[in-house]
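Engineer: below are the sequence and a predicted model; questions follow.
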Amino acid sequence: MATLTIYPVENGSLAENSPNTGTAWAAVDDPAGTPDDDTTYLAGSGSSKYKYNLFPIRKRGMGTTISNVTIYWRARYQTISSKARTVVKIGGTAYYGSEQTVASSYTNYTTSYNTSPEAGNPAWTWDKIAAMEFGIGIYNTSVRVTQCYIVVTYTPGDTTISTNTTTNAQYVIDNGSTLTVNATLSRGKYLKTAMVYAPSGGATITGSGTIQGDRDVDTSEESLILMSGTGNVVKGISNTSRLKLSENLHSGIVFLAPKNCYVQWVDVEDMYSSATDPVQKVGVGILFWGYGGLGSSYTGNYVTYCSVKRSGLHGIQFCDCDGGEISYCEIDGVFANFGLSGFGYGDTPTGINIHHNTIRNTRAEWLNLQNMNGTLKIEDNTAYSTRADYGYCVYICAATNGSIARNVGYYSYSEGITLDACSGFTVEENELYDCARGGDHHAAIKLQGSDEGDAENNIVQNNVIVDLRHYLLWGIKEVDSGTGVAQNNTIEDNTIYAPSAVLPVSIIPGNGSTQARNY
């Protein structure tokens, strides 16, 4: 058996008793076991007459067997002993719990239903629970209610959505359960959290249907799917029978503290906030977030054969995760930042493998690695057009056998490949076409030392650079900036067609770098 605890998150169809501060629902939403008693409460507004507050349900579990629904509430009276009782409203009809004489000090009370209180006492279903309201009735002004919530006891199981469904309640998936979406599951106008939530790992979302948000609903802090822990999966049926996610004011899929999680055969579209300035838009198509913790705790994660179209901040990002992999994905349209990203926020993650992806129409880099180390691979990707910044960029990365190889890039605004404060990379067999129309240096490949560190011990070889639009001043260039230097790099056997370039290759004299056979 499992339990799902449901707290008030908004007012329902009745709000007759008044909170001492704030809103009625927030006056009684204290977590189980930690009531705040007289800090926030509902005060009775009736004189020897019941007044009610109702709260809608915004969560639902999965499976088919529900054995109990219990309303928990906590109350006291101030000066005159009085009464209170619970209420559930199902299909427009109110059903009242037994009256309780409230004590003078805060006391916990319950109303329990093994079956629905409707005529004939039918079995509970998740659809019935998701459509009802629950709440409290207070008999006079002496009573204060500080807490009111529901606990549903049920047997976890799988759920399949085969007909188009609109939900105002978040689907909560237990460890070991699967939600299959073969039709369109749409966000209702009242649901402002993630549509699907897996709090404890081991959950699967699959199918060939659509999970569709609503860009008119304010979900500016919430992803469409939120999954926490180990072994979570989001996948279509096959590469030709894919799951689709669309239309949210924030991210598409977010994995928190992920380990051995993956996404496969999923198309994600229109995940971005409503900011009018594109640079301020947030929202990531698919995000693996290590929570600012140790990347070594969050391993075994990957994304493959997915697409992300029109995202806010990034297309796909791994943050504080070791050894992530992104392969055979398509990114098209990022308003603010990067197509693909590996990022060290609270840690310096070790290793990432990004290969065989196609990236188009990003504002900033097609692909960015920052504050990482270990085996960092960027290989066999193809990318087109950035509106600002670089193409393939690694920043503050000390690689061990790092590889930027066999990538193709067209029309980056600034340098096609940039290594800034990086070491240990081999940059080879890449093809760059008409890159660096803007920026400070107009080079196809740049190795730059900066205040964050030196660009050193890198090899740049056997690359092809073609500049038919006369953007380039240098094919390959070393740059010293701030306290950092470019040094001890090897640049050789590169083919450079840049008719307007001052030099094919420019290295910093006396810093130990060498060049040879670059034409």
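Structural biologist: Received the coordinates, thanks. Numbering: from 1, shown residues only.
Engineer: check what pLDDT the nearest residue to residue 300 once chain neighbours are set aside gets.
Structural biologist: Leaving aside its sequence neighbours, residue 300 sits nearest to residue 260 (CB to CB, 6 or more residues apart in numbering; 4.0 Å). (Glycine included, C-beta is placed from N, CA and C.) Residue 260 is assigned 98 on the pLDDT scale.
Engineer: surely residue 260 touches residue 227?
Structural biologist: No - the criterion here is CB atoms under 8 Å, and residue 260 misses it with residue 227 at 11.9 Å.
Engineer: if I look at the closest residue to residue 283 other than its chain neighbours, how far off is residue 435?
Structural biologist: In space, and not counting its chain neighbours, residue 283 is closest to residue 312: 3.3 Å by CB to CB, 6+ apart. According to CB to CB, to the nearest Å, residue 312 and residue 435 sit 25 Å apart.
Engineer: neighbour-wise, which of those two wins?
Structural biologist: Comparing residue 312 with residue 435 by neighbour count (other CB atoms under 10 Å), the higher total belongs to residue 435, at 29 against 26.
Engineer: Three-state assignment for that one, please.
Structural biologist: coil (DSSP: H, G, I helix; E, B strand; the rest coil).
Engineer: so it is in contact with residue 407, correct?
Structural biologist: No - applying CB under 8 Å as the test, residue 435 and residue 407 come out as separate, 11.8 Å apart.
Engineer: on that earlier part again, residues touching the residue nearest to residue 283, list them.
Structural biologist: 250, 271-273, 281-284, 334-336 (CB atoms under 8 Å, 6 or more residues apart in numbering).
Engineer: so what does the host helix or strand of residue 267 touch, helix or strand wise?
Structural biologist: Element membership for residue 267, per DSSP states H and E: strand 266-271. Using 3 or more CB pairs under 8 Å, 6 or more residues apart in numbering; DSSP states H and E as the contact test, the elements touching strand 266-271 are strand 243-248, strand 284-289, strand 307-311.
Engineer: quick check: next helix or strand after the last one?
Structural biologist: The C-terminal neighbour of strand 307-311 among helices and strands, as given by DSSP H and E, is strand 314-319.
Engineer: each with direction, which strands does that next one pair with?
Structural biologist: Using DSSP bridges, the strands paired with strand 314-319 are strand 284-289 (parallel), strand 340-343 (parallel).
Engineer: contacts for it?
Structural biologist: 284-290, 301, 303, 306, 308, 324, 326, 329, 331, 334, 337-345, 349, 352, 359, 362.
Engineer: that strand: how far from the chain's middle?
Structural biologist: Chain-centre distance of strand 314-319: 9 Å, with CA atoms, centre = their mean, to the nearest Å.
Engineer: pLDDT (mean, whole number) over it?
Structural biologist: Here strand 314-319 scores 98 as its mean pLDDT.
Engineer: dump the C-alpha coordinates for it into PDB.
Structural biologist: The C-alpha trace of strand 314-319 is given here as PDB (Å, rounded to 0.1, in the frame of the first residue of the first chain):
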ATOM      1  CA  HIS A 314      18.900  25.800 -23.400                       C
ATOM      2  CA  GLY A 315      17.900  22.800 -25.500                       C
ATOM      3  CA  ILE A 316      19.400  20.000 -23.400                       C
ATOM      4  CA  GLN A 317      21.600  20.500 -20.300                       C
ATOM      5  CA  PHE A 318      23.400  18.300 -17.800                       C
ATOM      6  CA  CYS A 319      24.200  20.300 -14.600                       C
END
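Engineer: now do that strand and strand 307-311, the angle between them.
Structural biologist: Relative orientation of strand 314-319 versus strand 307-311 (axes from the mean of the first three to the mean of the last three CA atoms, to 10 degrees): 110 degrees.
Engineer: given the helix or strand following strand 314-319, what are its sheet partners and their directions?
Structural biologist: Downstream of strand 314-319, the first helix or strand assigned by DSSP H and E is strand 324-327. Taking DSSP bridges as the criterion, strand 324-327 forms sheet pairs with strand 302-304 (parallel), strand 350-355 (parallel).
Engineer: kindly reformat those as JSON lines containing distance to residue 265, mean pLDDT and mean neighbour count.
Structural biologist: Output for the strands paired with strand 324-327, formatted as JSON lines (distance: least, CB to CB, whole Å; pLDDT from 0 to 100; neighbours: other CB atoms under 10 Å):
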{"stretch": "strand 302-304", "distance to residue 265": "8", "mean pLDDT": "98", "mean neighbour count": "21"}
{"stretch": "strand 350-355", "distance to residue 265": "18", "mean pLDDT": "98", "mean neighbour count": "21"}
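Engineer: dump the ones you listed to CSV, plus distance to residue 87.
Structural biologist: Putting those into CSV (distance: least, CB to CB, whole Å) gives the following:
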stretch, distance to residue 87
strand 302-304, 47
strand 350-355, 54
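Engineer: out of the ones you listed, which is closest to residue 144?
Structural biologist: With CB to CB as the measure, strand 302-304 is the member of the strands paired with strand 324-327 nearest residue 144 (50.8 Å).
Engineer: roughly how far does the residue lying closest to residue 363 once chain neighbours are set aside sit from residue 271?
Structural biologist: Once flanking residues are discounted, residue 363 sits nearest to residue 387: 4.7 Å by CB to CB, 6+ apart. Separation of residue 387 from residue 271 (CB to CB): 19 Å.
Engineer: please apply the same query to residue 412.
Structural biologist: 24 Å.
Engineer: hmm, back to that, so for residue 480, which of the strands paired with strand 324-327 sits nearest?
Structural biologist: For these, the distance to residue 480 is smallest for strand 350-355, at 27.8 Å, taking CB to CB.
Engineer: what's the longest helix that the chain contains in contact with?
Structural biologist: Counting residues, the longest helix found in the chain (DSSP state H) is helix 126-131. By CB under 8 Å, 6+ apart, the surrounding residues in contact with helix 126-131 are 57, 60-63, 66, 69, 90-91, 116, 152, 167-169.
Engineer: could you dump it to CSV, C-alpha only?
Structural biologist: Extracted C-alpha coordinates of helix 126-131, given in CSV (Å, rounded to 0.1, in the frame of the first residue of the first chain):
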residue,chain,number,x,y,z
TRP,A,126,-8.8,8.7,-8.8
ASP,A,127,-11.1,10.5,-11.2
LYS,A,128,-13.7,11.0,-8.5
ILE,A,129,-11.1,12.3,-6.0
ALA,A,130,-9.5,14.6,-8.6
ALA,A,131,-12.9,16.2,-9.3
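Engineer: so how far is that helix off the chain centroid?
Structural biologist: Computed by CA atoms, centre = their mean, the chain-centroid distance of helix 126-131 equals 27 Å.
Engineer: that helix - what's its average pLDDT?
Structural biologist: Across helix 126-131, pLDDT averages out at 97.
Engineer: quick check: domain ranges of this structure?
Structural biologist: As assigned by automatic domain parsing, the chain contains the domains 2-154, 158-363, 364-519.
Engineer: how distant is the shortest one from the center of its chain?
Structural biologist: Averaged C-alpha coordinates place domain 2-154 at 32 Å from its chain's average position (CA atoms, centre = their mean).
Engineer: and what of the last one?
Structural biologist: Put simply, domain 364-519 sits 31 Å off its chain's centre (CA atoms, centre = their mean).
Engineer: now do the longest one
Structural biologist: The chain centroid and the centroid of domain 158-363 are separated by 6 Å, computed with CA atoms, centre = their mean.
Engineer: for residue 25, which non-adjacent residue is spatially closest?
Structural biologist: residue 8 (3.8 Å).
Engineer: returning to what we had before: closest to residue 47 among the contacts of helix 126-131?
Structural biologist: residue 90 (28.7 Å).
Engineer: which residues does the closest residue in space to that closest one that isn't next to it in sequence contact?
Structural biologist: Take residue 90 and drop its neighbours on the chain: the residue closest to it by CB to CB, 6+ apart is residue 132, 4.7 Å away. For residue 132, the contacting residues are 57, 88-90, by CB under 8 Å, 6+ apart.
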